[in-house]
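Asker: Sharing a sequence plus its predicted fold:
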Amino acid sequence: MQDMKLRLPEKFVREHGDKLSGVATLAVPNGCTWQVRLEKANNNIWFHGGWRDFVEYHSINYGYFLVFKYKGNSKFNVLVFDMTTSEIKYPSNGDKKRQGSLNENEMSTPQELCVKEEVGTELIVIENLPMSSTRGSVLSGGGERALQAARMFKPQNPSFIRVIPAYSLKRNFVYVCPAFAKKYACGKKNVMLQASSGKWWPCQFSFKNGTTSPRTIGKGWKPFARDNGIKEGDVCVFELINRMEVVLKVSIFRVTEFA
């Protein structure tokens, strides 16, 4: 908790890192703004000083995902979605007074001058956010539209949404919504993923030590993603179509189709 920070995705850093100042401004829809110090080292950039306050104030927990829209001049608009993929109710502006400012210790690094740049449309989507997560993925405008389309999709059965980050394609897992896992997959080991074609892929849940609620879909996920051409930034809706056998129908909203 004391050293909480969030690493910005590599692609975003490559394109915008040299233009970012020492402090970023995060704005949420209720009009409240937060200043968060940026830590830079070895071609990496993190949200650091002030980030813990932002997370705690908005009660951000594991399973949430955040959408950052970069506006230029080190300013980001931020949307916070809970484990049901619903946007949270933001604390009222009147409740927020001093927490959005950095204290003297957090401002020990001198602030650099902002560099003027054209307003961008880059989106950083941080999904499955544990309190100290450093994982994220970058979406273009097509990714934003794919996410909107997925959220407008209304399955008839229980479901959850995942924006697919690069690490889920390189490694053999994708996170399961914790609330969904606890209610519908507690104690289950096997899961079947069904593509729109009707073909099934056998997979297995993975568990954190000492828990009965699965944390990820592990073994079998990588072949499913590969065989169905899933790419970074694609949005998947996992719909429970068979509760007894735990069969998840996967609807894929592809970035390329919304570009």
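Answerer: Great, that's in hand.
Asker: quick one, helices of this structure?
Answerer: Along the chain, the segments classed as helices by DSSP state H run 10-16, 51-57, 141-152, 166-170, 178-184, 221-227.
Asker: Might you calculate how far the first one sits from the centre of the chain?
Answerer: Between the mean C-alpha location of helix 10-16 and the chain-wide mean there is a distance of 17 Å, by CA atoms, centre = their mean, to the nearest Å.
Asker: again, but for the shortest one
Answerer: Per CA atoms, centre = their mean, the displacement of helix 166-170 from the mean C-alpha position of its chain is 13 Å.
Asker: Look at G49 and say how many residues are nearby.
Answerer: 23 (other CB atoms under 10 Å). C-beta here means a position set from N, CA and C on the backbone, and glycine is covered the same way.
Asker: Test my guess that it contacts W34.
Answerer: No: the criterion here is CB atoms under 8 Å, and G49 misses it with W34 at 11.0 Å.
Asker: related to what we said a few turns ago, what's the most buried one of the helices of the chain?
Answerer: Most buried of the helices of the chain by mean neighbour count (mean count of other CB atoms under 10 Å) is helix 51-57; its value is a mean of 20.
Asker: returning to that earlier point: quick one: closest of the helices of the chain to K69.
Answerer: Of all the helices of the chain, helix 141-152 sits nearest to K69, with 8.0 Å by CB to CB.
Asker: helices or strands next to that closest one in the packing?
Answerer: If you count contacts as 3 or more CB pairs under 8 Å, 6 or more residues apart in numbering; DSSP states H and E, helix 141-152 packs onto strand 123-129, strand 159-163, strand 235-242, strand 247-253.
Asker: Now that helix - C-alpha only, CSV.
Answerer: Written as CSV, here are the backbone C-alpha positions of helix 141-152 (Å, rounded to 0.1, in the frame of the first residue of the first chain):
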residue,chain,number,x,y,z
GLY,A,141,-10.7,4.8,-31.2
GLY,A,142,-11.7,1.4,-32.6
GLY,A,143,-11.1,-0.2,-29.3
GLU,A,144,-13.3,2.4,-27.6
ARG,A,145,-16.1,1.7,-30.0
ALA,A,146,-15.6,-2.1,-29.6
LEU,A,147,-15.9,-1.6,-25.8
GLN,A,148,-19.1,0.5,-26.2
ALA,A,149,-20.6,-2.2,-28.5
ALA,A,150,-19.8,-4.9,-26.0
ARG,A,151,-21.4,-3.0,-23.2
MET,A,152,-24.6,-2.4,-25.2
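Asker: Now find how far off-centre that helix is within its chain.
Answerer: Centroid separation for helix 141-152 versus its chain: 14 Å, with CA atoms, centre = their mean.
Asker: how near is the residue nearest to T25 when sequence neighbours are not counted to Q35?
Answerer: What sits nearest to T25 in space, not counting adjacent residues and going by CB to CB, 6 or more residues apart in numbering, is K75, at 4.7 Å. According to CB to CB, to the nearest Å, K75 stands 10 Å off from Q35.
Asker: swap in N228?
Answerer: Distance from N228 to Q35, by CB to CB: 42 Å.
Asker: before we move on, what about R162?
Answerer: 31 Å.
Asker: Thank you kindly, that will do.
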